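J.: Just to be clear, the model below is a prediction. Sequence and coordinates:
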Amino acid sequence: MTTTTAAHDDHGHHGPAKGIMRWVLTTNHKDIGTMYLWFSFIMLLTGGVMALIIRAELFQPGMQLIEPEFFNQMTTMHGLIMVFGAIMPAFVGLANWMVPMMVGAPDMALPRMNNLSFWILPFAFGMLLLTLFSEAGAPNFGWTFYAPLSTTYAPSSVTYFIFGVHLMGISSIMGAINIVATILNMRAPGMTYMKMPLFVWTWFITAYLLIAVMPVLAGVVTMMLMDIHFGTSFFNAAGGGDPVLFQHLFWFFGHPEVYIMILPAFGIVSHIIPTFSRKPLFGYSSMVYATASIAFLSFIVWAHHMFTVGLPLVTELFFMYATMVIAIPTGVKVFNWVSTMFQGSLTFETPMLFAIAFVILFTIGGFSGLMLAIAPADFQYHDTYFVVAHFHYVLVPGALFAIIAGVYFWLPKWCGNYYDEFLGKLHFWLSFIGVNITFFPMHFIGLAGMPRRIPDYALQFADFNAVASVGAFIFGFSQLLFLYIVIKTIRSGKQATPEVWEGADGLEWTLPSPAPYHSFSEPPQVK
């Protein structure tokens, strides 16, 4: 049985909408996935420029380039843009592209909502970025926007920030509902849950996390809005409120959020390592259960971000042990990845290099996380550069490396061309060296007592800060090479074979997806 579609061009796109309107109005999951990925890359470069401003200021002690106030604005905007604008939309873009193909669906379950959930984002981030040009200046209270800094003492632009956060949250919730609906209702016949590819599983679990925690974020920013404009005192002790309540609410969202940014990465790596090891993934079902365990545990560990606020001892003990328990399912995953590679026929193409680096460096981030979980030790580490080193090891060589690996891995499938392997490996080594030169020294200056989020520092921290700043510029500029490689691959490049990765066919787990018919055309006529 074959299907034909009215008004069909060579690329599987649909007339009559041409040019820019095709992208504005599209309901095709591949188009929307592509827009998410490009948007997240633009945000990565935007947030990256902010990071380089921060590192340039910290290259030596004293105030060099910028005012302390602007430094605070940069740390705030860099964090918000990287978390909500770069990492999350990139994973949603990968989900849009791959989940329908992996479950054998013609498209996402709710295509028009899919379009809307993307197009909200440029407006949300446009509004956030425009606060930089406002009289009051951009938000300056850190990406965690603790009250009362973000309520009583905030610049007037905080209102725009709150609206922007609401829009991002709406987009995330709609995207998550779409993924859940697609996976529940549109799997190909015979694809039971325990036959789903791991990327589908990790996103399925991530989507439930998003649906559960995004309303909490919406609630806490609404309470901020009420405190600022309507005379309430949720977080104001003078009116009977409590600033620590803000931290509880924020981290009840914020800790699962951290796992929202890493679980899809686990899924991507669980596809790449078997492919280039020429072996099925070791321990598929234990990977599924480990992912679900991590997701469940992520809801009961939030106060480990708050060990220094004066919690009761019994509370500190609970959150300490609950946090340590997360190391078990995470260790299962690392064990399974290493076991998959063990005695495999390994080849080291670019996606595999990024995936192996992910496993090693994410594990380093996991170990420093275990150190931070020890409550009495955390009193020393808290608010130092050790924490900055820890979460950047989880998010940069963790989440970001997995996204880059996924792009290299699936790019031939998306555009029909192979990327330049030499340039891909060059990009890997520049990124790998740059990221470690940047973030590894931060462990040392943190343990030596350098506080985070400060524009100036004592002389004894100068050497490691200089090293970190050099690494940041190496890492940042090597992402321009990535941009060049992707554009070059799309425009030209050796044509990809149907299997894409030689000798790995059958291990990639994607089903051919028929061209969706609901964009701008008639339903398919069945011959």
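T.: On my side now, so go ahead. Numbering: from 1, shown residues only.

J.: okay, now the closest residue to Y419 other than its chain neighbours: neighbour count?
T.: Setting aside the residues directly before and after it, Y419 is nearest to T489 in space (C-beta to C-beta, 6 or more residues apart in numbering), at 4.2 Å. In this view, the C-beta of every residue, glycine as well, is placed from N, C-alpha and C. Using other C-beta atoms under 10 Å, T489 has 24 neighbouring residues.

J.: who touches L167 in this structure?
T.: Applying C-beta atoms under 8 Å, 6 or more residues apart in numbering to L167 gives the contacts 120-121, 123-124, 127.

J.: Which pLDDT does the model give it?
T.: The model reports L167 with a pLDDT of 97.

J.: Surely it is within a helix?
T.: Yes. With DSSP: H, G, I helix; E, B strand; the rest coil as the criterion, L167 is part of a helix.

J.: tell me the contacts of D227?
T.: Residues touching D227, when contacts are defined by C-beta under 8 Å, 6+ apart, comprise 147, 151-152, 233-236, 241.

J.: quick revisit: show the secondary-structure elements that the helix or strand that contains the residue nearest to Y419 is packed against.
T.: In this structure, T489 sits in helix 462-491 according to DSSP states H and E. In terms of contact count using 3 or more C-beta pairs under 8 Å, 6 or more residues apart in numbering; DSSP states H and E, helix 462-491 is assigned the packing partners helix 29-57, helix 401-415, helix 421-447.

J.: now the longest one: how far from the chain's centre is it?
T.: Okay, so that is helix 29-57. Relative to the chain's own centre, helix 29-57 is displaced by 11 Å; criterion: C-alpha atoms, centre = their mean, to the nearest Å.

J.: After that helix, heading C-terminal, what element do we hit next?
T.: Going down the chain from helix 29-57, the next helix or strand is helix 68-80, by DSSP H and E.

J.: packing partners for that following helix?
T.: Contacts of helix 68-80 with other secondary structure elements, assessed using 3+ C-beta pairs under 8 Å, 6+ apart, are made with helix 29-57, helix 111-130.

J.: and the first one with helix 462-491, angle?
T.: Translated: helix 29-57. With axes from the mean of the first three to the mean of the last three C-alpha atoms, to 10 degrees defining the directions, helix 29-57 sits at 150 degrees from helix 462-491.

J.: for helix 29-57, packing partners?
T.: So helix 29-57, by 3+ C-beta pairs under 8 Å, 6+ apart, packs with helix 20-25, helix 68-80, helix 88-103, helix 111-130, helix 401-415, helix 462-491.

J.: most packed of those?
T.: Highest mean neighbour count among the helices and strands packed on helix 29-57 (mean count of other C-beta atoms under 10 Å): helix 88-103, with a mean of 27.

J.: Which strands and helices lie in contact with that one?
T.: For helix 88-103, the packing partners by 3+ C-beta pairs under 8 Å, 6+ apart are helix 29-57, helix 158-185, helix 198-229, helix 263-277, helix 401-415.

J.: ok now that helix, how far from the chain's centre?
T.: Averaged C-alpha coordinates place helix 88-103 at 13 Å from its chain's average position (C-alpha atoms, centre = their mean).

J.: swap in stretch 114-134?
T.: Taking C-alpha atoms, centre = their mean, the mean C-alpha location of stretch 114-134 is offset from the chain mean by 17 Å.

J.: mean confidence for that stretch?
T.: pLDDT averaged over stretch 114-134 gives 97.

J.: Then stretch 229-236?
T.: Predicted confidence along stretch 229-236 averages 96 (mean pLDDT).

J.: One more: stretch 257-266?
T.: 97.

J.: can you list contacts of it?
T.: Among residues not part of stretch 257-266, those counted as contacts by C-beta under 8 Å, 6+ apart are 83, 87-88, 91, 94-95, 198-199, 202-203, 205-206, 209-210, 213, 217, 287, 291, 294-295, 298, 333, 358, 362, 391, 394-395, 398-399, 401-403.

J.: go again using 6 Å as the cut-off
T.: The set of residues external to stretch 257-266 that reach it, using C-beta atoms under 6 Å, 6 or more residues apart in numbering, is 87, 91, 202-203, 206, 209-210, 298, 398-399, 402.

J.: and it, how far apart are its ends?
T.: Taking C-alpha to C-alpha, to the nearest Å, the span from the opening residue of stretch 257-266 to its closing residue is 15 Å.

J.: quick one on the thing from earlier: looking at the helices and strands packed on helix 68-80, which is closest to G366?
T.: Nearest to G366 among the helices and strands packed on helix 68-80 is helix 29-57 (22.8 Å), distances taken as C-beta to C-beta.

J.: which stretches of the stretch 1-150 of the chain have low pLDDT?
T.: Confidence mapping of the stretch 1-150 of the chain against pLDDT under 70 gives the ranges 1-17.

J.: Try it again at 90.
T.: Scanning the stretch 1-150 of the chain for pLDDT under 90 picks out the ranges 1-20.

J.: again with the stretch 201-350 of the chain
T.: Where the stretch 201-350 of the chain is concerned, nothing drops into low confidence, which here means pLDDT under 90.

J.: which ones are touching M77?
T.: For M77, the set of contacting residues under the criterion of C-beta under 6 Å, 6+ apart consists of 50, 138.

J.: give the contact list for Q60.
T.: Taking C-beta under 6 Å, 6+ apart as the criterion, Q60 is in contact with A462.

J.: which residue is nearest the centroid of the chain?
T.: Among the residues of the chain, I87 comes closest to the average C-alpha position under C-alpha atoms, centre = their mean, at 2.6 Å.

J.: mind checking how far that residue is from M50?
T.: In this structure, I87 and M50 are separated by 15 Å, where distance is defined by C-beta to C-beta, to the nearest Å.

J.: same thing with F428?
T.: 24 Å.

J.: Who has more neighbours out of those two?
T.: Remark: of F428 and M50, F428 carries more neighbours, 25 against 20, as counted by other C-beta under 10 Å.

J.: Let me know how buried the residue lying closest to the more buried one once chain neighbours are set aside is, in neighbour terms.
T.: Nearest residue to F428 in three dimensions, chain neighbours excluded: L353, at 4.6 Å (C-beta to C-beta, 6+ apart). The local packing count at L353 equals 22, with neighbours defined by other C-beta under 10 Å.
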